[in-house]
Structure formats: C-alpha cells, structure tokens
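In: 3D, please:
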Amino acid sequence: MRRIVLIISSILLMAGQFLAQDSLRIMEGLVMPSKILAQEVKFSVCLPEDYYQGNRSYPVVYMLHGLGDDEAAWLEYGRISQYSDAEVEKGSVQPMIFIMPQGFRTYYVNDYNGTFLYQDMFIKELVPYIDSVYRTIPDARHRGLIGYSMGGFGALVLHLQHPDIFGSAVPLSISIRTDEQYIIEDASEWDEQWGRLFGAVGVEGPERITDYYRQNCPFHIIPKIPSSEYNRFRIYIDNGDKEQTLCRSNEELHILMHKIGFPHEFRVREGGHSFEYWCSALPNALHFLSDAFEGRPYRGDAKEENNEVVSEDNLMHPITAAIGDELVTAYVPAEFNLTNRLYPAMYVAGSCNNLDSIRIITAVNAAVTSNEIAPMIVVFFPDKLLNQLTSLIPQLEKDFRIREGYRFRSLMGIKRNAEQVCAIVMNQLQFSSCVLIDADLNKDNVIKMINEMPEDALKKTPFFMLAPDKGDYFEGNGNMHMIFRDKEIKHEYRVVEGIGGLEDWMIGRWDEIIVFVAENFHR
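Out: From the prediction side, this is the model:
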C-alpha cells in the first residue's frame, strides 16, 4: 500500500511540474527533437511579463551564445530578462520573446562535410517550432538576432543569408577573421575552429580560402548583395576597443561596408571580450531591434547628458597672450587670481566655434566642481601658429602659469589639424596624451607615420581617438586603431553614432575625454 501511495505522489508531483511550467516565463533546459541533426537541441526561453495575461502575439529575438558557452549563458551571465524587463517597464521597447538555442561549436552554419547541418536545423526546424509553441509574430520583420563572439558571427550570417527569415541583427564582438588572418592562423586553431567548418583541415596558406568559406563569410557575402536589396538589412555592430584579433577584423568589416554603402550602425566602446561589455550593449541593442520590429528608423543611441549645474563662482574665465599678430586664448580656473600655483594645460588645436568651445569648458568645469579631476587650463591654439607650437610652449607656460614638463601637457587635434597634431606628438614626444576628434586622417599617411616611428616612441603618450561611424575619415581612424593594437601602443578608441563635425554627436562625450586627459597628467 505504501508503495502505491508513493507512486501516486510521484505522478501527482510530475503532473504539477508540467502544469506549473505552463505559467513559467523564464525557462532553461527545454528541448526540441531535430530530425536534421538526429538529436535533441536544447534551448532557453524568456517570455514577456504579460505573456499569460492575454492572447497577444510578440516579436522574437534569437539570442546566440559564444564558443564554449551554452543555451543558459544569456540568462546567467547576460541577464537578458533583467535588461529587457527594465526597458519594457520604462516604455523604451515593446515586449519580446527571447529564444536562446544551443549552438554547439557550429558558428551557426552548416559544416562543409554535411555531417552537422546546424543552420538547416535552425531555419527549417527551430524557427517553425518556436512559432508553433509560442505566440510569435511569424514574419521576418518581427524576428531579430543578437549574438556575441561566435554568436555574433551567427547573428550576422543568419541575417545576411536569410533576410526572408530574420529582419534585423545585432552582432557583438563578431568572431570573424579577414582572409589574411585566416591564411596565417595557427594550424591548431585553424583546424579546430575554421578548417572543420569550411573544408580545409590540415591546409595552410591561401588554399584555406575555399569556395565554401566564401559562401559563409560576411567579407565575401556582403559585396555580392545588390544595392537594390540593401533595404532588407538592419545591422548594428558593436565591438570593444580592447579586443585583440577581432579589433582588426571588425574594423575591416565596417570599412568594407562603409565603402560600398551597405547600411549598418557601427560602434566601438571601451572594453573587451566579456559579458560586462556585452551586457552594456543590450539597452541600445534592444532599442534598435524594437524600432526594426515597428518598421521605423533607429531612434539613435541613448545619450548621457551632464545635468550638473556649475555656479558662477566656479566658472573658468578667459585670458589672452599676444604671439606676434595672433592672440592665444586660455581658459583658466575660477581660482586663478586667488593663487600663484601652476596648472597642467590641454592645448586645443583646431577651429572650434563658440558653442564647441563652451562645451569643452563646461565639461572641464563640471569635472573640477564634482572633484573628478584637479583644475587645468585649456589653451585654444590658432591654426596659423600650430607649426610653432612646441617652440612657443615655454612662453605660453610663463604667460598662463602652466606647469612645466611634458607630463603636464596634452594636445588635442580636431578634424583637419589631426595629421599635423599626430606628427608633432610622434616626432617630438612633448605631451602626456593626445586626443584626436573626427580626425582627418589619410590611411596611407597613418600607416607610414606609425611604421616610421621608433619602436618605443609612444610609450609615454597615450592617444584617445573619437570618430563618428558615418564620418568621412573612417578608414584613417580605423587603421590607426588597428596598428596601435598590433604594436600594443596604449590608446582609447571610440566610434559613436554620428556623421562628423563638432555637432550634437559630441554631446555626452567630453566628460570621458577630459577625465582621460587629467588622468594622464597625473599617472
């Protein structure tokens, strides 16, 4: 009798679990039987908070994990439920269903030998299965992709190869290589990752670039897409400035897409290959996909605005010094006339209009007032005198009470003055940091300039480079970043939303630049 009771209790418990699962909104360890792969495929699900409160249908985001992770990674480390719930609560995005499939080690493509047709499974089985089980909106516009690393490759390739299934994609830190990188890849790395997928195990050199590889590589897929079909693609690429190999490949991909006019958003922010970075990308990623689901243009990245009010008593004020027929203007700290102390200086070389000068000074004021940095002087240096800058520094230090020594000087180049600023910094090494904004840099000049420097020339002069993703000088800026990474030259690199010029795209960016300059005064 006791045994019968135990069996009945177990049956009731199991039934209760199945019934309870009908009302769960976040689930892992689910499985879908796949005939194509001849095995089960695991997946996780995150449903909207109001999923069980009506019969509404929702757009779907497929969240793809990286090599070595699994279908639970976006829940455990990516905290997708927390990020999505927060954005929905704010009214920033519409509710979405998130599907996180097991990706194995496939890069989300079919392997060359046809032994593991993962992408066929994804398109022919997984997507229809999800549409049959959950209340999805079953069309391309309402399906999006987000992926990191291997998943970034998958998100981009799935969208490029199947725009009739997926209408948008956000690839993060795409695990991709240029042809040149594949050719020189270490043999063990090549065989383990790429050779097995693209049909060149044990092969070395240019023969690695097989026809099957070309069919599955964005560098080869994108140029073959007719411009008449560009409106089928919505892509937001995000990559950290501390990436290693992926720094070059992601940058080269952006340059290729920019050159041929292939529509995309491209960002480079501070960070590397980590969930800390990928999580920080999620708010804008969700905004991008939500706008795509609604069929409207992307609203743009969230802006960080400094609303700190600086009192009149703490405002910097201008003083001038005559250099021949030119006047040099310096903005000095509010305390300047109440002390005899010396200050570090940031020299700004370039044509700043009045509004942009105010923004720079306002950012310095705010950082000083909030005690983020020590006071500094900002010197706006006329274009006509730029080639004399280093010879005039002793006089300026005396006129403006600037502290002596390279440690207390920073040089900022804006747009057309950038190459001259680079030449000054690289050849004379008299500055503790260099800032380049929307720099008018010629690719060939950049490569020549850096390669001709002594090996350790810039070890004491870190760079901060800020460029708009749709600006004119993407190739020069991108190549400087790639070479700096190759040579392990210390620098910060940001690509942000915008078209260039010192316009609104700079709002919210000055704070980070000012802190960078101040930290290098005192490092």
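In: What about the nearest residue to P33 once chain neighbours are set aside, how many residues nearby?
Out: Excluding the flanking residues, the one nearest P33 by C-beta to C-beta, 6 or more residues apart in numbering is E40, at 5.5 Å. C-betas here are computed from N, CA, C, even on glycine. Using other C-beta atoms under 10 Å, E40 has 12 neighbouring residues.
In: Can you verify my assumption that E40 contacts S34?
Out: Yes - here E40 reaches S34: they are 6.9 Å apart, a contact under C-beta atoms under 8 Å.
In: which ones are touching the nearest residue to P218 once chain neighbours are set aside?
Out: Nearest residue to P218, sequence neighbours excluded (C-beta to C-beta, 6+ apart): L156, at 5.5 Å. Counting by C-beta atoms under 8 Å, 6 or more residues apart in numbering, L156 touches 147, 169, 171, 174, 176, 218, 235, 237.
In: how far away is L156 from S168?
Out: 11 Å (C-beta to C-beta, to the nearest Å).
In: Mind listing the shared neighbours of those two?
Out: In contact with both L156 and S168: I235, using C-beta under 8 Å, 6+ apart.
In: shaky segments in this structure?
Out: Within the chain, the segments meeting pLDDT under 70 span 1-22, 304-314, 350-351, 501-504.
In: Report how many residues lie close to A418.
Out: Neighbours of A418 (other C-beta under 10 Å): 28.
In: The one 5 residues further on now?
Out: Using other C-beta under 10 Å, A423 is surrounded by 14 other residues.
In: Who are the contact partners of it?
Out: Here A423 is in contact with M449 (C-beta under 8 Å, 6+ apart).
In: tell me which element it is part of?
Out: Element membership of A423, judged by DSSP states H and E, is helix 418-428.
In: likewise M63?
Out: strand 60-64.
In: and the helix or strand following that strand, how far out from the chain's middle?
Out: Next in sequence after strand 60-64, counting helices and strands by DSSP H and E, comes helix 73-76. Offset of helix 73-76 from its chain centre (C-alpha atoms, centre = their mean, to the nearest Å): 20 Å.
In: What are the buried residues along the helix or strand just after helix 73-76?
Out: Using DSSP H and E, the helix or strand that follows helix 73-76 in sequence is helix 80-90. For helix 80-90, a neighbour-count test (16 or more other C-beta atoms under 10 Å) marks 80-81, 83-85, 87-88 as buried.
In: related to what we said a few turns ago, which helices and strands does the strand holding M63 pack with?
Out: strand 97-101, strand 143-148, helix 150-161 (3 or more C-beta pairs under 8 Å, 6 or more residues apart in numbering; DSSP states H and E).
In: Compare those and report which one is nearest to N371.
Out: The minimum distance between N371 and these falls on strand 143-148, with 36.4 Å, by C-beta to C-beta.
In: and the angle for the closest one with helix 150-161?
Out: 150 degrees (axes from the mean of the first three to the mean of the last three C-alpha atoms, to 10 degrees).
In: Pairing partners for strand 143-148, with directions?
Out: strand 60-64 (parallel), strand 168-172 (parallel) (DSSP bridges).
In: what sits up against the helix or strand encompassing E492?
Out: E492 belongs to strand 491-496 when assigned by DSSP H and E. If you take C-beta under 8 Å, 6+ apart as the criterion, strand 491-496 is touched by 241, 254, 266-270, 301, 462-469, 477, 481, 484, 505, 509, 512, 516.
In: Try it again at 7 Å.
Out: 241, 266-270, 462-469, 481, 484, 505, 509, 516 (C-beta atoms under 7 Å, 6 or more residues apart in numbering).
In: Which of those are buried? Put it as a ChimeraX command.
Out: The ChimeraX command for the buried members of those (criterion: 16+ other C-beta under 10 Å) is given here:
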select :241,266,267,268,269,462,463,464,465,466,467,468,469,481,484,505,509,516
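In: Could you tell me which of the contacts of strand 491-496 are located in helices?
Out: Those of these mapping onto helices are 481, 484, 516, per DSSP state H.
In: ok, those residues vs E326, which is closest?
Out: F516 (28.5 Å).
In: Could you find the closest non-adjacent residue to that closest one?
Out: Nearest to F516 is F464, by C-beta to C-beta, 6+ apart, at 4.9 Å.
In: which ones are touching that neighbour?
Out: 433, 435, 491-492, 513, 516.
In: Taking these together, which two end up most distant?
Out: Among these, H491 and I513 lie farthest apart (C-beta to C-beta), at 12.9 Å.
In: And the two? Which one has more around it.
Out: Taking neighbours as other C-beta under 10 Å, H491 and I513 compare with I513 leading, 23 against 19.
In: just checking, the more buried one is part of a helix?
Out: Yes - under DSSP: H, G, I helix; E, B strand; the rest coil, I513 falls within a helix.
In: Thought S433 was touching it, still the case?
Out: No - I513 lies out of contact with S433 (C-beta atoms under 7 Å); the separation is 9.8 Å.
In: Where strands are concerned, which of the contacts of strand 491-496 count?
Out: Judged by DSSP state E, these include 266-269, 463-468 as members of strands.
In: Distance to I209 added to those residues, as TSV?
Out: Output for those, formatted as TSV (distance: C-beta to C-beta, whole Å):
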residue	distance to I209
F266	25
R267	29
V268	27
R269	31
F463	34
F464	36
M465	31
L466	35
A467	30
P468	33
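In: Tell me which two of those sit farthest apart.
Out: F266 and F463 (19.7 Å).
In: chain center to stretch 323-334, what's the gap?
Out: That offset, for stretch 323-334, works out to 38 Å (C-alpha atoms, centre = their mean).
In: next one: stretch 419-435
Out: Worked out by C-alpha atoms, centre = their mean, stretch 419-435 lies 26 Å from the chain centre.
In: Need the distance between the two termini of that stretch.
Out: 12 Å (C-alpha to C-alpha, to the nearest Å).
In: quick one: buried residues of that stretch?
Out: 419-422, 424-426, 431-435.
In: Now do the strands in the stretch 301-450 of the chain.
Out: 317-323, 326-332, 345-349, 377-381, 409-414, 433-437 (DSSP state E, counting those that start in this stretch).
In: closest one to E76 among those strands?
Out: Per C-beta to C-beta, nearest to E76 of these: strand 433-437, 38.6 Å.
In: That closest one: how far from the chain's middle?
Out: That offset, for strand 433-437, works out to 20 Å (C-alpha atoms, centre = their mean).
In: any idea how far the closest residue to E204 other than its chain neighbours is from D211?
Out: Leaving aside its chain neighbours, E204 sits nearest to A187 (6.8 Å; criterion: C-beta to C-beta, 6+ apart). Distance of A187 to D211, computed by C-beta to C-beta: 21 Å.
In: quick check: domain ranges of this structure?
Out: According to automatic domain parsing, the chain comprises the domains 24-176+217-293, 312-521.
In: Quickly find the element holding D120.
Out: helix 118-121.
In: next structured bit after that helix?
Out: helix 127-133.
In: Could you check the angle the helix or strand harbouring N239 makes with strand 168-172?
Out: Here N239, judged by DSSP H and E, is contained in strand 236-240. If you take the same axes, to 10 degrees, strand 236-240 sits at 10 degrees to strand 168-172.
In: other SSEs contacting strand 236-240?
Out: Packing partners of strand 236-240 (3 or more C-beta pairs under 7 Å, 6 or more residues apart in numbering; DSSP states H and E): strand 168-172, helix 245-260, strand 265-269, helix 275-293.
In: nearest to A334, of those?
Out: strand 265-269 (33.0 Å).
In: Contacts for the closest one next, please.
Out: 235-241, 254, 298, 469, 493-497.
In: what's the distance between the host helix or strand of V45 and the middle of its chain?
Out: Element membership of V45, judged by DSSP H and E, is strand 39-46. Offset of strand 39-46 from its chain centre (C-alpha atoms, centre = their mean): 29 Å.
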